[in-house]
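Novice: Sequence and predicted structure, then a few things I'm wondering about:
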Amino acid sequence: MPTVVLEKPGRFVLENTPEPTPPGPGEVLVRIRRVGICGTDLHAFEGTQPFFDYPRILGHELGVEVIAAGREVTHIHPGDLCAVVPYMDCGDCVPCRMGKTNCCSNLDVLGVHVDGGMRDVLVLPAEKLLRSDVMSLEQLALVETLGIGAHAVDRAAIERGETVLLIGAGPIGLSVLTFALLAGARVILLEISARRIEFCKRRYDLFEVISDTADVPSKLHALLGGELPTAVFDATGHAGSMTQAHDYVSNGGRLIYVGITGSRISFDGPAFHRREMTLLGSRNARTVDLQRVIGHIEAGRIDTSPWITHRADPEGMLMDFPSWLDPESGVVKAVLEMA
């Protein structure tokens, strides 16, 4: 079957790989129709993604069509269109028993730890498919990305009227922005890309935008009457930004790391203690987060139409992918059209 393989950093190849075995009793055979391109994929191409091995079939943001279902599957049927929960958790470890399957001790993520969806067909556990009768394939491929923001905002317990600082307006930052606004927060954006700022100003209800990273605390004080935000989300994955973000949080506030870096992060212990700051890591999403995303899209509370700015088939992606790494190329979200 046609398969896109990231052979090594900087090199995709288009190969024919064996067809999967028929689905087992609790499994489903799906045709991959749309694959969202994530920052994880971009970093894997660059060779900067932590915990990554090559060669790898990328692809964890998936919109799929069901081809066949195992004999024990009753809630999914051939022809159904579904989003995919790409987190293969063990169900038995401490975090799984706590309901935190997103950070399972033995977690395998499609397209990261195990081969993903940049191929024609794939067998998946039926419990990892989330059906929608109204969403398009492209919307279904956006569910996992939006789930990252849904989980982060839920983890931070954002309250209506709370002032939030969001650092970074890439796709993950936009997912945080979407759910922070749904939670009723006042959002200040810290972003240096003029393209991303313009995109956000046109489409989101922002409180203010800071585009100059010099002396950010003073700028926040000026906007907030001498105060600082009670919640700060860093969605950059940049160690310098993640370190500096400690200075932007109010006493008693919390800092949420949504982006991931391969570098060490350090901060001043006395300042952290004096503020009684809470530091949170937010990893992946739970099934309930993705179900919440689907509910919001189906109800019309999330407009996905501006998100997808670039599309390509497998041959086109091999040519276009390097350009998608450039923030000034205007990419918000690129999608691979498999069929």
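Specialist: Thanks, I have it.

Novice: What does the pLDDT read for the spatially most central residue of the chain?
Specialist: Closest to where the C-alpha atoms of the chain average out (Cα atoms, centre = their mean) is Thr145, at 3.4 Å. Per-residue pLDDT puts Thr145 at 97.

Novice: now swap in Glu328 and tell me
Specialist: Glu328 carries a pLDDT value of 74.

Novice: now do Arg71
Specialist: Here the pLDDT value assigned to Arg71 is 96.

Novice: and it, that's in a strand?
Specialist: No - Arg71 sits outside any strand when classified using DSSP: H, G, I helix; E, B strand; the rest coil, being coil.

Novice: who's in contact with it?
Specialist: Going by Cβ atoms under 8 Å, 6 or more residues apart in numbering, Arg71 touches Pro25. For every residue, glycine as well, the C-beta is placed using N, CA and C.

Novice: Could you do Pro50 as well?
Specialist: Ile260, Gly262.

Novice: Assign a three-state SS to it, would you?
Specialist: Look at Pro50: counting by three-state DSSP, its state is coil.

Novice: hang on, the earlier thing: just checking, the residue nearest to the centre of the chain touches Val335?
Specialist: No - Thr145 is beyond contact range of Val335, at 10.8 Å (criterion: Cβ atoms under 8 Å).

Novice: Please, where are all the strands along the stretch 151-300 of the chain?
Specialist: Per DSSP state E, counting those that start in this stretch, the stretch 151-300 of the chain carries strands over the ranges 163-167, 186-190, 208-210, 231-234, 254-257, 278-281.

Novice: quick one: low-confidence parts of this structure?
Specialist: Judged by pLDDT under 70, the chain has no weakly predicted residues.

Novice: quick one, longest helix in it?
Specialist: helix 137-156 (DSSP state H).

Novice: tilt between that one and strand 163-167?
Specialist: Put simply, helix 137-156 runs at 120 degrees to strand 163-167, going by axes from the mean of the first three to the mean of the last three Cα atoms, to 10 degrees.

Novice: Could you tell me how many residues sit around Asp313?
Specialist: 12 (other Cβ atoms under 10 Å).

Novice: Surely Gly91 is in contact with Gly99?
Specialist: No - the criterion here is Cβ under 8 Å, and Gly91 misses it with Gly99 at 10.9 Å.

Novice: Can you name the residues that contact Thr261?
Specialist: For Thr261, the contacting residues are Gly237, His238, Ala239, Met242, by Cβ under 8 Å, 6+ apart.

Novice: er, Ser323 I mean
Specialist: Listed by Cβ under 8 Å, 6+ apart, the contact set of Ser323 reads Ser329.

Novice: And for His75?
Specialist: Contact partners of His75, counting by Cβ under 8 Å, 6+ apart, are Ala126, Arg131.

Novice: if I've got this straight, it is in a strand?
Specialist: No - assessed by three-state DSSP, His75 does not belong to a strand; its assignment is coil.

Novice: Kindly list the main-chain dihedrals of it?
Specialist: Dihedral angles of His75 (phi, psi; degrees, to the nearest 10) stand at phi -100, psi -10.

Novice: List the buried residues in the host helix or strand of Thr3.
Specialist: Assigned by DSSP states H and E, Thr3 belongs to strand 2-8. Across strand 2-8, burial judged by 16 or more other Cβ atoms under 10 Å covers Pro2, Thr3, Val4, Val5, Leu6.

Novice: shouldn't the fourth one be in contact with Arg56?
Specialist: Yes - distance between Val5 and Arg56: 7.4 Å, which falls inside the contact criterion (Cβ under 8 Å).

Novice: surely Leu137 meets Val35?
Specialist: No - the criterion here is Cβ under 8 Å, and Leu137 misses it with Val35 at 10.2 Å.

Novice: got any residues that touch both of those two?
Specialist: The contact sets of Leu137 and Val35 overlap at Gly63 (Cβ under 8 Å, 6+ apart).

Novice: show me what contacts Leu122?
Specialist: With contact taken as Cβ under 8 Å, 6+ apart, Leu122 is in contact with Pro20, Leu29, Val30, Ile32, Val64.

Novice: So which of the residues you listed are in strands?
Specialist: Among those, the ones falling in strands (DSSP state E) are Leu29, Val30, Ile32, Val64.

Novice: Distance check, the nearest residue to Arg264 once chain neighbours are set aside against Arg31.
Specialist: Nearest residue to Arg264 in three dimensions, chain neighbours excluded: Ala239, at 7.3 Å (Cβ to Cβ, 6 or more residues apart in numbering). Distance, Ala239 to Arg31, using Cβ to Cβ, to the nearest Å: 40 Å.

Novice: now do Pro20
Specialist: According to Cβ to Cβ, Pro20 and Arg31 sit 11 Å apart.

Novice: what's the overlap in contacts for these two?
Specialist: Val121.

Novice: closest to Ala152 among the contacts of Leu122?
Specialist: Minimum distance to Ala152 across the contacts of Leu122 is 25.0 Å, recorded for Val64 (Cβ to Cβ).

Novice: who's the closest residue to that closest one other than its chain neighbours bridged to?
Specialist: Nearest residue to Val64 in three dimensions, chain neighbours excluded: Val30, at 3.9 Å (Cβ to Cβ, 6+ apart). Judged by DSSP bridges, the bridge partners of Val30 are Val66, Leu122.
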